[in-house]
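Asker: give me the fold of what follows.
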Amino acid sequence: MSKRQRRDLVILAHIREQHGLALGSYGRPRMTEEL
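Answerer: Numbering: from 1, shown residues only. As a prediction, the model looks like this:
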């Protein structure tokens, strides 16, 4: 797995965590701001 792929997986995990914590209410604008 390349360095880029590993970084993408970390970002994806963070997105899923935040989405779950927000009970699925985060849309693209708020998620972009969070990241």
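Asker: what is the least confident helix or strand in this structure?
Answerer: helix 28-34 (a mean of 78; mean pLDDT, DSSP states H and E).
Asker: next one: that helix to chain centre, how far?
Answerer: Centre-to-centre, helix 28-34 and its host chain are 9 Å apart (C-alpha atoms, centre = their mean, to the nearest Å).
Asker: and if you look at stretch 27-35?
Answerer: With C-alpha atoms, centre = their mean, you get 9 Å for stretch 27-35.
Asker: and the contacts of that stretch?
Answerer: 11, 14-15, 18-19, 22, 26 (C-beta atoms under 8 Å, 6 or more residues apart in numbering). Bear in mind the C-beta positions are built from the backbone N, C-alpha and C, glycine included.
Asker: go with 10 Å
Answerer: Applying C-beta atoms under 10 Å, 6 or more residues apart in numbering, the contact partners of stretch 27-35 are 11, 14-15, 18-19, 21-22, 26.
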